[in-house]
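A.B. asks: here is my input; please provide its structure:
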Amino acid sequence: MSRTPINEAARAHSNLNTFASIVTILEGGHIYGLEKSQTAQKTAQKIIDICKREQQFQLRAYDAAVHAANKETSQ
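C.D. replies: Numbering: from 1, shown residues only. Below is the predicted model:
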């Protein structure tokens, strides 16, 4: 995939959806025995925190790419 602003926006949007899905799975209680295992709870929370940080990074990348694409089309 070429590195045009619109392709970068699409890539960032896909990544946002991927990390949001992981958070939804972990927060939705889809790990068996999570409520009984302190280790599993801590691990799930670490993964959630990492995913949320990455979502913020991807959101900034998406916004920048959309802004760049809008500048290209308005010229």
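A.B. asks: okay, CA-based contacts and neighbour counts for the rest of this
C.D. replies: Will do.
A.B. asks: roughly how far is the lengthiest helix in the chain from the heart of the chain?
C.D. replies: Looking across the chain with DSSP state H, the single longest helix is helix 38-73. How far helix 38-73 lies from its chain's middle: 4 Å, per C-alpha atoms, centre = their mean, to the nearest Å.
A.B. asks: and what of stretch 37-53?
C.D. replies: Stretch 37-53 sits 15 Å away from the centroid of its parent chain (C-alpha atoms, centre = their mean).
A.B. asks: CA-only coordinates of it in CSV, if you can.
C.D. replies: C-alpha atoms of stretch 37-53 as CSV (Å, rounded to 0.1, in the frame of the first residue of the first chain):
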residue,chain,number,x,y,z
SER,A,37,-7.3,-15.1,38.9
GLN,A,38,-5.4,-12.1,40.1
THR,A,39,-2.6,-12.8,37.6
ALA,A,40,-5.1,-13.0,34.7
GLN,A,41,-6.8,-9.8,35.9
LYS,A,42,-3.5,-7.9,36.1
THR,A,43,-2.3,-9.2,32.7
ALA,A,44,-5.6,-8.3,31.1
GLN,A,45,-5.5,-4.8,32.5
LYS,A,46,-1.9,-4.3,31.3
ILE,A,47,-3.0,-5.4,27.8
ILE,A,48,-6.0,-3.0,28.0
ASP,A,49,-3.7,-0.1,29.0
ILE,A,50,-1.3,-0.8,26.2
CYS,A,51,-4.1,-1.0,23.7
LYS,A,52,-5.6,2.3,24.9
ARG,A,53,-2.3,4.0,24.6
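A.B. asks: need the pLDDT of residue 39.
C.D. replies: On pLDDT, residue 39 comes in at 86.
A.B. asks: for residue 29, see how far away it is.
C.D. replies: Using C-alpha to C-alpha, to the nearest Å, residue 39 is found at 15 Å from residue 29.
A.B. asks: with residue 60 instead?
C.D. replies: To residue 29, residue 60 is 29 Å away according to C-alpha to C-alpha.
A.B. asks: re the thing from before, by contact count, what packs against the longest helix of the chain?
C.D. replies: helix 5-27 (3 or more C-alpha pairs under 8 Å, 6 or more residues apart in numbering; DSSP states H and E).
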